[in-house]
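Colleague: how does the following fold in three dimensions:
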Amino acid sequence: MNENDRNGRLGKTRSTGSYQSTKLNKKKQMRQNAELKMDMAYRGQKTKNPSQERRSEPERRSSVQGSAQRRKVTQQTAQRQAAARQNSSGRVNAGRNNMEPSGTRINQTRIDTAKTAQRPHTREQMMRDKRARERYLRRRRRALCTQLALLAFSIVLLAGIVVLIKKAVIKHETVEVEANVEEEIQSVLGNVTDDSVEISKYYVYGTHFNLEGHIGTTKELKTLELVMVDDKKGLAVGQDSEEEMEKIYQLVKTIGEDGSYYFKTAENINEGINLENIDDGNYCLLLKLLYADGTKEYKSLKDAVGEQAITYYTLTESGKNQKIDIAFAQDDKGTNLSYLGMQVKRSKLPDDVYDIVIDAGHGGKDPGADKNGYTEAELTLPYAKAIKESLEDKGYKVQLTRDGSESSSEDMAYTMYDEDGRVSIACRSGAKYGISIHLNSNAEALTSGGVQVYCSVHGNPDFAKLIADGIVTDGNTNYSSMESDRVANGVYASPYSQNGVVKSTATAQKYGYTPYDYTGVDSLFMIRELGGIATGALVDGRDPRYGTNEYRNSNVGVESVLVELGYISIKSDLQNIISNQKGYVKGIAEAVEKQIEQQKKL
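Modeller: Numbers count the residues shown, from 1 in each chain. Below you'll find the model as predicted:
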């Protein structure tokens with residue numbers, strides 16, 4: 001084969017390989033160049049070696065044919081390798097690859113090979129990469145934790161600085177307010193004659209503040225008035241107009257045997273100064289004396305008995321309350337007079353202060369009345385819970401004296417004055433109103449029952465009347481026909497009767513203690529003992545069967561009513577109480593709401 005034939009054969013190879021990739025063509029070119037060099041070397045060797053020239057023509061042909069055979073084998077091997085790489089790229093694109101040029105298929109093989117080359121080729125390399133990633137993540141986590149700790153420390157430090165600044169501001173404002181109050185009270189007391197008016201009793205019952213006292217004078221008094229002066233406005237002394245006066249209350253006065261005048265703010269303990277409609281501010285309470293000769297003077301008040309200061313929280317209205325502090329003080333820097341001050345301001349209701357307290361009668365080992373397969377204790381508890389829920393839905397804060405969790409072995413008839421007893425819980429609640437739920441019973445075969453609501457003998461019956469009317473209207477029942485101690489339809493006030501006093505005296509003799517003085521006090525302990533000094537609470541522990549009412553001398557009392565829903569001994573009453581709880585509860589809850597609304601408007 002001559003050189004032209006060989007070049008022609010190479011040209012044909014290049015032509016048929018035009019669809020192959022550049023890399024494959026390059027490899028073929030290299031092989032072909034190698035073969036050419038071999039052939040040229042052979043030729044040169046033949047020229048230089050005479051002995052080879054003498055080889056026969058058949059030997060030369062055999063050598064040329066061997067070279068051609070080797071080239072053919074090399075080409076077939078390259079084609080098989082290309083086909084194998086094409087098959088390894090996946091059968092998913094087989095149809096598409098069959099339609100594409102072979103060069104495209106080879107290019108895809110190159111891409112796949114490059115991707116494979118980028119992956120770790122050994123398990124050791126993969127493990128090194130994994131450990132490196134873990135070290136990186138640990139460093140990031142440590143850095144993040146450090147940053148968060150610094151941020152938290154900065155927040156705490158900033159909060160501490162803010163608190164210190166607020167305390168400093170509040171302290172400064174408090175000092176300024178106290179200084180202003182002192183100046184204002186000195187201005188008010190500057191127009192006061194003296195502080196010779198002695199207050200012998202002052203208290204809050206329900207929503208009203210009352211005081212009692214006496215004053216000696218040589219002049220004839222025409223009227224006595226209690227004036228609540230706004231410290232900022234002062235007294236309008238010498239002026240006909242008294243618009244600066246915040247409130248003026250006419251006092252009830254009597255003349256004693258010694259010629260002194262005795263006075264009090266109201267006849268009933270649940271009247272007097274209504275604490276539910278006083279604006280925020282600082283006030284001074286003075287006594288205004290109008291004499292028969294037309295002259296007048298003001299006197300400040302002083303404490304003659306050492307009663308404790310009063311803190312009162314108003315009933316919740318739209319989620320808001322006021323705090324009212326009432327206490328005696330001394331103007332040491334100016335007039336040196338004693339006076340009774342009142343501070344009123346907005347305040348959140350403390351967790352342990354409530355608007356209303358509901359008492360489910362009896363409980364524990366004490367079943368109360370027992371008739372027709374039911375006990376009073378088991379019927380009053382669901383009523384108390386339902387009333388509580390209804391009042392809470394109206395926005396009031398309500399406490400129960402028992403919730404059914406008491407032990408069945410606890411004799412609650414004798415534990416009422418314990419720390420967790422029903423009376424103690426009610427007195428501690430700070431509530432303005434209390435409602436004790438009971439059922440009546442009578443050994444006689446009565447055919448007509450009805451509702452009875454008891455109130456204190458020392459107060460007006462308005463609140464009790466609202467409840468009785470509400471129960472009759474919504475409970476589908478009637479007023480009790482009992483006449484003893486009745487003050488209005490369905491409303492009763494029960495003092496100790498002569499028969500009750502005799503029985504109590506006999507009991508005292510039996511157990512060896514001095515009888516209580518029941519003169520003019522309520523016979524129902526859930527009314528008497530919750531009112532403190534206002535109602536004459538008296539249980540001091542002398543009866544060994546009971547404990548001591550620690551709140552008997554309190555000058556803050558709960559205005560309480562005791563509700564007899566009906567007679568457990570009368571089947572018609574009992575059936576209505578069981579089946580119509582919703583109506584009874586509605587009547588009671590709406591009566592309480594109406595009472596509170598009236599107090600806010602007075």
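Colleague: what's the domain layout of this protein?
Modeller: Residue ranges for the structural domains of the chain, counted by automatic domain parsing, are given in the record as 3-118, 123-189, 192-346, 356-601.
Colleague: ok, now how distant is Met30 from Lys503?
Modeller: Met30 sits 132 Å away from Lys503, going by Cβ to Cβ, to the nearest Å. No exception for glycine: its C-beta is placed from N, CA and C like everyone else's.
Colleague: repeat that for Gly206.
Modeller: Following Cβ to Cβ, the distance that separates Gly206 from Lys503 is 30 Å.
Colleague: need the winner for burial among the domains of the chain.
Modeller: With neighbours defined by mean count of other Cβ atoms under 10 Å, none of these is more surrounded on average than domain 356-601, at a mean of 19.
Colleague: all strands of the stretch 451-600 of the chain, in order?
Modeller: Counting by DSSP state E, counting those that start in this stretch, residue ranges of the strands within the stretch 451-600 of the chain are 452-455, 486-488, 491-493, 556-557, 559-567.
Colleague: dump those strands to a markdown table, plus distance to Lys601.
Modeller: Written out in a markdown table, the entries for the strands of the stretch 451-600 of the chain read as follows (distance: least, Cβ to Cβ, whole Å):
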| stretch | distance to Lys601 |
| --- | --- |
| strand 452-455 | 21 |
| strand 486-488 | 22 |
| strand 491-493 | 22 |
| strand 556-557 | 23 |
| strand 559-567 | 18 |
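Colleague: hang on, the earlier thing: same list (the domains of the chain) but as a markdown table, adding mean pLDDT.
Modeller: Shown next, in a markdown table, are the domains of the chain (pLDDT from 0 to 100):
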| stretch | mean pLDDT |
| --- | --- |
| domain 3-118 | 54 |
| domain 123-189 | 78 |
| domain 192-346 | 89 |
| domain 356-601 | 96 |
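Colleague: so what's Ser347 closest to, chain neighbours aside?
Modeller: Excluding its sequence neighbours, the residue lying closest to Ser347 (Cβ to Cβ, 6 or more residues apart in numbering) is Lys323, at 3.5 Å.
Colleague: my read is that the one you found contacts Pro350, right?
Modeller: No. Counting by Cβ atoms under 8 Å, Lys323 sits too far from Pro350 to count as a contact (9.1 Å).
Colleague: could you pull out the helices for the chain?
Modeller: Using DSSP state H, the helices found in the chain span residues 3-16, 22-48, 50-53, 57-88, 94-99, 102-118, 123-189, 376-393, 422-428, 462-474, 498-511, 525-528, 571-579, 581-601.
Colleague: helices or strands up against the longest one?
Modeller: This means helix 123-189. Identification of packing neighbours for helix 123-189 by 3 or more Cβ pairs under 8 Å, 6 or more residues apart in numbering; DSSP states H and E yields strand 281-291, strand 338-346.
Colleague: turn the ones you listed into CSV, including distance to Val539.
Modeller: Below are the helices and strands packed on helix 123-189 laid out as CSV (distance: least, Cβ to Cβ, whole Å):
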stretch, distance to Val539
strand 281-291, 32
strand 338-346, 30
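Colleague: quick check: the residue nearest the centre of the chain vs Gly430, distance?
Modeller: For the chain, the residue sitting closest to the mean C-alpha position, by Cα atoms, centre = their mean, is Asp351 at 9.6 Å. Look at Asp351 and Gly430: by Cβ to Cβ, they are 11 Å apart.
Colleague: hmm, back to that, report the beta-bridge partners for the residue nearest to Ser347.
Modeller: Taking DSSP bridges, one finds Tyr313, Lys345 as the beta-bridge partners of Lys323.
Colleague: mind listing what Lys594 touches?
Modeller: Leu466 (Cβ atoms under 8 Å, 6 or more residues apart in numbering).
Colleague: now the nearest residue in space to Leu189 that is not next to it in sequence. Its backbone dihedrals?
Modeller: With Cβ to Cβ, 6+ apart as the criterion, Leu189 has its nearest non-adjacent residue at 4.4 Å, and that residue is Thr335. Thr335 has phi and psi values of phi -80, psi -20 when expressed as degrees, to the nearest 10.
Colleague: try Val558
Modeller: Torsion angles, degrees, to the nearest 10, at Val558: phi -90, psi 130.
Colleague: now do the contacts for it.
Modeller: Residues counted as contacts of Val558 (Cβ under 8 Å, 6+ apart) are Gly206, Val357, Ala426, Cys427, Ser429, Ala431, Lys432, Tyr433, Gly434, Leu530, Gly531.
Colleague: my read is that Ile425 contacts Asp403, right?
Modeller: No. In terms of Cβ under 8 Å, Ile425 does not count as a neighbour of Asp403; the distance is 10.5 Å.
Colleague: so what's Asp522 bridging to?
Modeller: Partner residues in beta bridges with Asp522, using DSSP bridges, are Pro495.
Colleague: related to what we said a few turns ago, any idea how far the residue nearest to the centre of the chain is from Gln399?
Modeller: Remark: distance between Asp351 and Gln399 (Cβ to Cβ) = 11 Å.
Colleague: same question, His458
Modeller: Taking Cβ to Cβ as the measure, His458 falls 24 Å from Gln399.
Colleague: and what of Leu349?
Modeller: Here the distance between Leu349 and Gln399 works out to 12 Å (Cβ to Cβ).
Colleague: in the stretch 201-350 of the chain, which spans are strands?
Modeller: Listed in chain order, the strands of the stretch 201-350 of the chain (DSSP E, counting those that start in this stretch) span residues 208-215, 221-230, 245-250, 252-255, 261-264, 273-274, 281-291, 296-303, 310-313, 322-330, 338-346.
Colleague: looking at those strands, which is nearest to Ile467?
Modeller: strand 208-215 (18.4 Å; Cβ to Cβ).
Colleague: what is the closest one packed up against?
Modeller: Strand 208-215 sits against strand 194-205, strand 261-264, strand 273-274, strand 296-303, with contacts defined as 3+ Cβ pairs under 8 Å, 6+ apart.
Colleague: what's next to the second one, contact-wise?
Modeller: So the one you mean is strand 261-264. By Cβ under 8 Å, 6+ apart, the residues outside strand 261-264 that reach it are 210-217, 221, 224, 251-256.
Colleague: with the shortest one instead?
Modeller: Contacting residues not belonging to strand 273-274 are listed as Thr207, His208, Phe209, Asn210, Leu226, Met228, Lys247, Tyr249, Thr265, Gln599, Leu602 [Cβ under 8 Å, 6+ apart].
Colleague: one step back: save the strands of the stretch 201-350 of the chain as a markdown table, and put in distance to Leu189 too.
Modeller: Output for the strands of the stretch 201-350 of the chain, formatted as a markdown table (distance: least, Cβ to Cβ, whole Å):
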| stretch | distance to Leu189 |
| --- | --- |
| strand 208-215 | 17 |
| strand 221-230 | 10 |
| strand 245-250 | 15 |
| strand 252-255 | 23 |
| strand 261-264 | 21 |
| strand 273-274 | 20 |
| strand 281-291 | 7 |
| strand 296-303 | 6 |
| strand 310-313 | 21 |
| strand 322-330 | 11 |
| strand 338-346 | 6 |
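Colleague: which one, of those strands, ends up nearest to Asp573?
Modeller: Proximity to Asp573 (Cβ to Cβ) singles out strand 208-215 among the strands of the stretch 201-350 of the chain, at 34.4 Å.
Colleague: angle of the closest one against strand 221-230?
Modeller: Relative orientation of strand 208-215 versus strand 221-230 (axes from the mean of the first three to the mean of the last three Cα atoms, to 10 degrees): 130 degrees.
Colleague: quick check: angle from strand 208-215 to strand 281-291?
Modeller: Going by the same axes, to 10 degrees, strand 208-215 makes 40 degrees with strand 281-291.
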